[in-house]
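Colleague: Prediction below, plus the sequence it came from.
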Amino acid sequence: MAWMSFFVAVVAVISFCPASRSETVSWIGTTDGSWQNPSNWNTSSVPSVNDTVVINPHTNLNISLNHANITINTLYLGAINSSAGYSAG
Amino acid sequence: MLFRANLIGPGVLVITNTYCGGGSKFSGGVSLTVVKHFEAFGDNTAPCGLESGTSFTNLGVVVVENVMYLGQDDITIINKGYFFLANRGLASNPIGQSNNTNHFIHMGHMVISGSDNQTYIFADLTISETGEIDFSTSITVAGRLTTRGKFSQEPVSFFFARMLVVSVDSFELDGGETYLCGATLRASSRDIILRNGTFDVTASFLQHWVILDGDVVNMGAKMTVQIHRAALQILGSFIQWSQASIVMK
């Protein structure tokens, strides 16, 4: 039964591990144009490694990376049509 | 009305999948690494773009469905994966300029296709030993081409370069350094230099003539010309060094 207890314990640990979440994060910034500013994103947090980032400008935008090292999953930059899997607007 | 986004460096972007269009661009020292997929959308009025000073490394698949504009200076593109160019390709803005200090280092597989439009590569192009290019359209390299890889030119296609150097430093019997010429190869600097490797010219009455527009210097390559009811035209001088060979069939 020892292995059974071990198996249950492993399942329990896995169940309580926070899954790495992926979100769709959209640019809403209107002021400083900094990628690193959480208030420029609709989630109020800077996009992270598993996120899909949508930058669909409603005015001409300059977004500065400010020497950052950024890793994300997917980027939609500009007015992308539906053939890319995303409808702008 | 179309609005554009400009991602400005310096900074490092590592992205698994990227979709870029609508006149948006990467600029100011952005270092972009494509892990899996990159797609450039947009017509000639609003494509994706790379501005001067950016670097772009592809580890996956790049698709440029119509055109991607490149700035004039210090753009470095390194392709270690699959690179598909259609129609205008990697062009200057406006299209057709020649002066640049950009570099495209090609280590993977590139396919250039599309309509009968001219396809541009607005950079010096270096094809490494592992690099391979297949094309069936007309290509203009706005710079110097150096190839140690395989360059296959289908019939009814044209190749133009400011300076063309077909160069193989180490010859291996894997065919990986073969230049297959089936149409027009034009060097505007007039130099078509064959240092080493294999240079095959083939034409038949079913295809267009093969035209080498430049001064051809065969320094050490094995050149094979296979012509059937067609013609090979060399619009310049032809010099062959003693260690080079030419076989006419």
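Modeller: Ah, there it is.
Colleague: switch to C-alpha atoms for all contacts and neighbour counts from now on
Modeller: Noted.
Colleague: On the pLDDT front, check the one residue in chain A that gets nearest to chain B for me.
Modeller: Residue nearest to chain B within chain A (Cα to the nearest Cα): residue A:67, separated by 4.1 Å. Residue A:67 carries a pLDDT value of 96.
Colleague: That one and residue B:72, how far apart?
Modeller: 23 Å (Cα to Cα, to the nearest Å).
Colleague: These two: which is more packed in?
Modeller: Per other Cα atoms under 10 Å in any protein chain shown, whichever of residue A:67 and residue B:72 has more neighbours is residue B:72, with 21 against 13.
Colleague: following the helix or strand of chain B with the lowest mean pLDDT, which helix or strand comes up?
Modeller: Using mean pLDDT, DSSP states H and E, the weakest-scoring helix or strand in chain B turns out to be strand B:178-181, at a mean of 59. Using DSSP states H and E, the helix or strand that follows strand B:178-181 towards the C-terminus is strand B:184-194.
Colleague: What's the nearest residue in chain B when you look at chain A?
Modeller: residue B:11 (4.1 Å).
Colleague: mind listing what that residue touches?
Modeller: Residue B:11 sits next to A:65, A:66, A:67, A:68, A:69, A:70, B:29, B:30, B:31 when contact means Cα atoms under 8 Å, 6 or more residues apart in numbering or on different chains.
Colleague: Where does pLDDT dip in chain B?
Modeller: B:115-117, B:155-157, B:162-184, B:188-189, B:204-209 (pLDDT under 70).
Colleague: if we can go back for a sec, what are the phi and psi angles of the residue of chain A closest to chain B?
Modeller: The phi/psi pair for residue A:67 (degrees, to the nearest 10) reads phi 70, psi 10.
Colleague: quick one: contacts for it?
Modeller: Residues counted as contacts of residue A:67 (Cα under 8 Å, 6+ apart) are B:9, B:10, B:11, B:12.
Colleague: Where does pLDDT dip in chain A?
Modeller: For chain A, the ranges with pLDDT under 70 are A:1-20, A:80-89.
Colleague: Name the residues of chain B found near chain A, please.
Modeller: Counting by Cα under 8 Å from any Cα of the partner chain, chain B comes close to chain A at B:2-24, B:41.
Colleague: Mark which of these are buried, thanks.
Modeller: By neighbour count, with 16 or more other Cα atoms under 10 Å in any protein chain shown, these hold B:3-24, B:41 as buried.
Colleague: So which of those are in helices?
Modeller: Secondary structure of those is defined by DSSP state H; no position falls in helices.
Colleague: Take the residues you listed and keep only those in strands.
Modeller: Among those, DSSP state E puts B:5-8, B:11-20 in strands.
Colleague: May I have the beta-bridge partners of residue B:109?
Modeller: Beta-bridge partners for residue B:109, by DSSP bridges, are residue B:82, residue B:132.
Colleague: Against residue B:135, how distant is it?
Modeller: For residue B:109, the distance to residue B:135 - Cα to Cα - is 11 Å.
Colleague: Residue B:19 now?
Modeller: Distance from residue B:19 to residue B:135, by Cα to Cα: 24 Å.
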